[in-house]
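**Q** Sequence below, structure please.
(4 chains)
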Protein chains: 2
Amino acid sequence: MAKSETARQKLLPLLATHILENGMRAASLRPLAKAAGTSDRMLIYHFGNKQQLISDILAHIADSYSRQLDASFGADQVASREQAIARVLDFTNSEEMRPFLALWWEIVAGAARDIPGYKENAQSIMVSLLAWFEEQMPEGDPDPAGGARTLLTIIEGAEMFKAIGLPDIPNRGIEAARPL
Amino acid sequence: MAKSETARQKLLPLLATHILENGMRAASLRPLAKAAGTSDRMLIYHFGNKQQLISDILAHIADSYSRQLDASFGADQVASREQAIARVLDFTNSEEMRPFLALWWEIVAGAARDIPGYKENAQSIMVSLLAWFEEQMPEGDPDPAGGARTLLTIIEGAEMFKAIGLPDIPNRGIEAARPL
DNA sequence: CCAATATTGTAGCGACTGCTACAGTTGTAG
DNA sequence: CTACAACTGTAGCAGTCGCTACAATATTGG
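**A** Down below sits the predicted model:
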């Protein structure tokens, strides 16, 4: 089925952009093909079927996103866990992250519904994010791995509230979290 | 358009069940009608159009879910914030909550994509959940409202990890959260 | 009872879905 | 040059989508 690797590599960025901007609702063959300057006929030819196509696009997005993470953050150390959270939450407020976050919740929803491929994709994103986060932990942190898990849990909760238009709920909550 | 209120009230539970079990992907007129023992023709007749239909079903689910919350938890006090988190996370592990949680992430995804009605629905669910949670805070808690916000943020993060099949990430993270 | 109103079934429209059959054209290896 | 593989456009299939026109029945108020 799928023949040329290079052909797919040329299509994937355009396909990814379309999905990031328009969501999984608009991820049907003909609109995707149009966005990539080709035809539904050719998408099936190159990727075999739609499920493989979507899976490849999501993997491509996850990959380029994880590389963007490394590029956006310098190696400058952070002083505390609070500062690490604040920095990440600030970063996710940037306009360039919006499309990815919108897609992220669609991936989570697909994973929760056991749609084939979604759970694997979501896990791979979170695992690499955890690894990256562990390195961002403040120097001398007693438990960087545990801290990364804790902070990422809080961040994801905060991102959910942002996604539904209640960004202030976690903000003030986190401040009050000190005594837990 | 929409005529009989009682007709809608009879249909909504059946429609809600179908959406809870099969997700928004399967929320098209003909399958919904079949699940409710009627026809697509009649769904449009009673609800006007599909958007209103979905909106009404989601509101009905949110309503019955919030009533289920009050019923499932007795008035027995909790000793600490940790215990409050543990109790809620335990409750959401129950089989009866699974369909609602799967639907919840679809609502979050819709809200993040600004699909009409989703953000309002998600907010109304979280606001009532926050109010309920505030009452569940341990007696003598210095800041029940802030605590509710904090704990709900953590819980939602933990639920996301459960949804994508990584339930152990937050568990161990929360334990390490004491020092934050 | 009769007229107005509420409810329902049948059939279908035009658009879209993933995908494929067929017929080419293009590029390349011998 | 020729044979073979890689690629691509056109057209269409069978199914689903939200929704509606039309006609019929059921119910209810005068």
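**Q** and the residue lying closest to residue A:35 once chain neighbours are set aside, which of the three is it?
**A** Nearest in space to residue A:35, with sequence neighbours left out and distances taken as C-beta to C-beta, 6 or more residues apart in numbering or on different chains, is residue A:18 at 3.7 Å. The way it works is simple: take the backbone N, C-alpha and C, and place the C-beta from them, glycine included. Secondary structure state of residue A:18, per DSSP: H, G, I helix; E, B strand; the rest coil, is helix.
**Q** Now do the contacts for residue A:18.
**A** Residues near residue A:18 by C-beta atoms under 8 Å, 6 or more residues apart in numbering or on different chains: A:26-27, A:31-32, A:35-36.
**Q** C-alpha coordinates for whichever strand or helix holds residue A:86, CSV please?
**A** Secondary structure assignment for residue A:86, by DSSP states H and E: helix A:81-92. C-alpha atoms of helix A:81-92 as CSV (Å, rounded to 0.1, in the frame of the first residue of the first chain):
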residue,chain,number,x,y,z
ARG,A,81,8.5,23.7,41.9
GLU,A,82,6.1,26.7,42.1
GLN,A,83,8.3,28.5,39.6
ALA,A,84,8.4,25.4,37.3
ILE,A,85,4.6,25.3,37.3
ALA,A,86,4.3,29.0,36.6
ARG,A,87,6.7,28.8,33.8
VAL,A,88,4.9,26.0,32.0
LEU,A,89,1.5,27.5,32.6
ASP,A,90,2.8,30.7,31.2
PHE,A,91,4.2,28.9,28.2
THR,A,92,0.9,27.1,27.4
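**Q** got the buried residues for it?
**A** A:81-82, A:84-85, A:88-89, A:92 (16 or more other C-beta atoms under 10 Å in any protein chain shown).
**Q** swap in stretch A:159-175?
**A** Those would be A:159-164, A:166, A:169-171, A:173-174, for stretch A:159-175 by 16+ other C-beta under 10 Å.
**Q** among those residues, which one has the lowest pLDDT?
**A** Lowest pLDDT among the buried residues of stretch A:159-175: residue A:173, with 58.
**Q** which secondary element of chain A has the worst mean pLDDT?
**A** Across the helices and strands of chain A, mean confidence by mean pLDDT, DSSP states H and E is lowest for helix A:168-175: a mean of 76.
**Q** how does chain A divide up, domain by domain?
**A** Domain assignment for chain A by automatic domain parsing gives A:1-58, A:73-180.
**Q** Which among these is found nearest to DNA strand D?
**A** domain A:1-58 (2.7 Å; C-beta to the nearest atom of the strand).
**Q** ok and the longest helix along chain A relative to helix A:81-92, angle-wise?
**A** In chain A, taking DSSP state H as the definition, the longest helix is helix A:50-72. If you take axes from the mean of the first three to the mean of the last three C-alpha atoms, to 10 degrees, helix A:50-72 sits at 120 degrees to helix A:81-92.
**Q** Show me what helix A:50-72 is in contact with.
**A** Contacts to helix A:50-72, defined as C-beta under 8 Å, 6+ apart, come from residues A:2, A:8, A:12-13, A:15-16, A:19-20, A:24, A:27, A:29, A:32, A:43-44, A:47, A:91, A:100, A:103, A:107, A:116-118, A:121, A:124-125, A:128-129, A:132.
**Q** which residues in chain A form strands?
**A** Under the criterion DSSP state E, chain A carries no strands.
**Q** Any residues of it in contact with DNA strand C? List them.
**A** A:27-31, A:40-41, A:44, A:49-51 (C-beta under 7 Å from any atom of the strand).
**Q** ok, of those residues, which come out buried?
**A** A:27, A:29, A:44.
**Q** Could I get the contacting residues of the first one?
**A** By C-beta under 8 Å, 6+ apart, the contact set of residue A:27 is A:18-19, A:54, A:57.
**Q** Of those residues, which is the nearest to residue B:141?
**A** Nearest to residue B:141 among these is residue A:19, at 44.0 Å by C-beta to C-beta.
**Q** and the buried ones among the residues of chain A next to DNA strand C, which of them are in helices?
**A** Counting by DSSP H, those place A:29, A:44 in helices.
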